[in-house]
Structures are given as structure tokens and as C-alpha cells.
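Asker: Below: sequence and its predicted model.
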Amino acid sequence: MGCTNCSSGNDGLPKGCKNNGACGTGGCNKLSVFDWLSNMELPDGQKPFDAVEVQFKNSRKEFFRNTEDIALSIGDIVATETSPGHDIGVVTLAGELVKVQMKKKKVDPYEDNLPKIYRKASQKDIDIWQAAKDREEAVKKRAREIAIRLNLRMKISDVEFQGDGSKAIFYYTAESRVDFRQLIKEFAYEFKIRIEMKQIGFRQEAARLGGIGSCGRELCCSTWLTDFRSVKTSAARYQQLSLNPQKLAGQCGKLKCCLNYELDSYLDAIKSFPKFEDKLVTQRGNAICQKVDIFRKKLWYAYENESNNWHEMDLDKVLEIVDAQKNNDPVPSLEDFKVELIADVNLSTYENVVGQDSLTRFDQPKRKSRNKRKPTKNRNANSNQKKTSNSNEKQANPSTTSNNEGRKKKPFKRRKNNNRNNQNNNKKKDA
């Protein structure tokens, strides 16, 4: 979702219209409703419904009566009645669908006490409204500093200015009752406006602020979810989820609302399973359920004295054991009903490719090679010297050549033999 002002620029980066849910085209609005009756004409003689839905900052929506019969459409900026002064909002829905939305929100469509729409907003109204919106971030920061200085256990999450700039609503969250009488006095003295404090829940705070969930999409509460149902830990137990608060909690700090989405499907599937607390009575002993796989329809049982030895069983086999238990004819043991795992492993075709199956092949450090290669120049010079020395030795001592020729099969002892021959030759020369 996004309007043309929020689309990507030439460099691929998002432009950002910075309307924060108050876009004039309706493409960036939170909880927007598609008007599928916009292209349909009313029957002859029937007047259009005179109420419209107007959205203010974030997801706050209210219904207003169009008593002046102003031609309004989705995206129009209007001045609405409020106490005191007037407020500025954006029309998000008009026509017969407003009646449906009012019934959904439990508001009487024909109530006479609905606030009225004064007019379409002029340029002066829009300028005052934009100036008031620009103050919200600085006011919120200063309000938090004052609340911390007064040692109040509360969190000011958002500030919303009225369209005419004469009033501000401070949304806060707190775990217990807060005495903010002194806080209101300091706010009125600091900001020179009328102050209204409104406490909201943690889920409502996440809906107002918005964000990205662990699924990679926008939060449900800030896009389409309007009714916040209670979420219990039993929803996670029925779905075989680990009770890890870091994974099950959302940005509001409460359990994720999406735990209730598939709960009904799990409850319908569990109806055919035996209860998790029930024991299987056999002649060998009682067995306790350790694990349940709803999708594969498998259960794992273990005897009370052998909790580490699990037996995998199909649902049909377990129901057969339960029926035998009800007829006072328990089965001999679970081994007769467990699933046999047949592993087709052909050991003849097994190959260890460069030690890839070894988990400790990287634990040992690499050994340094002792035979370091010498530079090419020195190597050639040494080889020439060895050749000349060997030729001289052969001429001087022909017996050594025969000995060396007979020892070609053991080249690793050549150095020792050469050294011994050199020592013998030196002794002969001395003699």
C-alpha cells in the first residue's frame, strides 16, 4: 500500500510523504476500507446516507453527520465538530458502507447526537493543522522528561494535537493507577494548551506506533485488526509450541494475536485424539503420553518406569488400546503396536568424500611442513656441488660406487652412507 508520494524515486530509495497514516489519496491509511459500492448508483428517489467516516492520526476513526449535504469523497480533508474548537481529519468512507461500519462498531446509524461536519478544510486550516503536527515530536520528548522528573511510573507513547492547535491528547500506558494532577499542571504551563490524558493498553500502543513483526510483515493490529481478543498460553499448548516468552510475545510484550488464528483448526483435529493426561493400561505397566504429532497422527508413549524409552505409535493403534482398556482386556505391551522404523541404508555404496563426515576434522591444527623448499638459485648451486663431489668420489673410490649402486632400493639411508664413506676416505687420507 502506498500513494504516489510514498513510491520509490529515481535512485530506488523511497520518497516518503511523511503523512503517517493521514494520506490524502487513501493509499497509506491504516485500516482502510475498500468502497465496493462507489461505482453503483442509488435507486431513483433515494438519498445517500448522510454520515461519513473520518480518520485522524493513526487508527482513530469517528463518524460525523453531513447535515449541510456537502459533496464529499474519500480523501477529502474536512473540519469537524469537537469540544472545544474544531478538528481536522480525512474522509475514509462515505455512502451506504458507513451504515455497515457503524453497526459493526455498535453505533446507531440514525442517532441525532452525532457530531457534525462544518466544511471542507481551507488552506488556512491545513496550514494550522500541519504546524500543530510538526510540534508533536518535540512535545512528546519534553513530556517524557517532565514525567521522569516527577517519578511517575508511566510511559507517554504518543501525542496527538487537535486540528486547530488548541488541545493535545497525551496517550500513555501504565501498569497501575497514576496520580498525574501535578503532571497536567506542568504540561499546561509548559505548552500553553488544553491537556487531555488518555490511558491505552499495550496492544493499543503497538497499534498506534506500528512496526514489523517476526513474520516480516506489518503488525496486524496496525493494519487490519480492530478487535483485540485475549490470548492465553493454552493456545500455544494446543499447537505444540514451546512456551518461550521471547518467541511467543509480540512488540507489545503480550502474547501474539496470531496464536488464535489457527487455534480452531487444532481444536477440531484434537477431538479425535485421546486426552494427553490419560494413561494407557497394559499388562506390562502403565504408559504416559510424551509427545503428539497432530498432522502425522502419531503419538509417543513411555512406561512409567522407563521414561527415556519412547514408543512411536499411530493414532489407530492407540485408539485400539484404549478400546481394549475400556473392555477390561488390556493388551500385553506397547511393543506389539509400535511403529517399526525400517531404514534402507546400503553400506556398500558408502563413500567418505575427503573426510566430509568427520565432525572433528577441523579441530586439529594444520601441521607445518618441515621440508621447506630453498630458493631456486641456491638449490641449483647445491645440486651442482653434489654432482661434482659424487663424481670425484667415484673416481677416487670405485668400491663406494658399487656399494651405492647396491643400495638404491633404500634412498632414505643414502645420506648416512655418504657421510660414512666420506669419514672413511678422510681416515685413509690421514693414514
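Answerer: Good, I have the coordinates. Owing to the predicted nature of the structure, the values given are computational and were not obtained by experimental measurement. Numbers count the residues shown, from 1 in each chain.
Asker: quick one: which helix or strand includes D127?
Answerer: Using DSSP states H and E, D127 falls within helix 123-134.
Asker: which residues touch that helix?
Answerer: Identification of contacts with helix 123-134 by C-beta atoms under 8 Å, 6 or more residues apart in numbering yields K57, I77, A79, I88, A121, F161, Q162, G163, D164, G165. Quick note: C-beta positions are derived from backbone N, CA and C, even for glycine.
Asker: Which positions in it come out as buried?
Answerer: D125, I128, W129, A132, K133 (16 or more other C-beta atoms under 10 Å).
Asker: Next: stretch 237-252.
Answerer: Buried residues in stretch 237-252, defined by neighbour count with 16+ other C-beta under 10 Å: Y238, L248, G250, Q251, C252.
Asker: Could you do stretch 84-91 as well?
Answerer: H86, D87, I88, G89, V90, V91.
Asker: V91 reaches F56, doesn't it?
Answerer: No - using C-beta atoms under 8 Å, V91 makes no contact with F56, being 11.4 Å away.
Asker: Helices of the stretch 201-350 of the chain, start to end?
Answerer: 202-209, 220-223, 233-238, 245-248, 263-270, 315-326 (DSSP state H, counting those that start in this stretch).
Asker: per-residue pLDDT, the nearest residue to C221 once chain neighbours are set aside?
Answerer: Of all residues not flanking C221 in the chain, A207 sits nearest, at 3.9 Å (C-beta to C-beta, 6 or more residues apart in numbering). For A207, the model assigns a pLDDT of 87.
Asker: what sits against A207?
Answerer: For A207, the contacting residues are N58, S59, L219, C221, S222, L225, by C-beta under 8 Å, 6+ apart.
Asker: ok, 10 Å please
Answerer: In this structure, A207 makes contact with 30-31, 58-59, 200-201, 219-223, 225-226, 228, 252, judged by C-beta atoms under 10 Å, 6 or more residues apart in numbering.
Asker: Quick check: of those, which has the highest neighbour count?
Answerer: C221 (26 neighbours; other C-beta atoms under 10 Å).
Asker: how close does that one get to L334?
Answerer: 47 Å (C-beta to C-beta, to the nearest Å).
Asker: ditto for T282
Answerer: 6 Å.
Asker: Return the helix or strand in this structure with minimum mean pLDDT.
Answerer: Using mean pLDDT, DSSP states H and E, the weakest-scoring helix or strand in the chain turns out to be helix 398-406, at a mean of 48.
Asker: Where does pLDDT dip in this structure?
Answerer: Scanning the chain with the threshold set as pLDDT under 70 gives 1-30, 340-364, 366-431.
Asker: Could you break it into its assigned domains?
Answerer: 17-121, 130-206, 229-271, 280-336 (automatic domain parsing).
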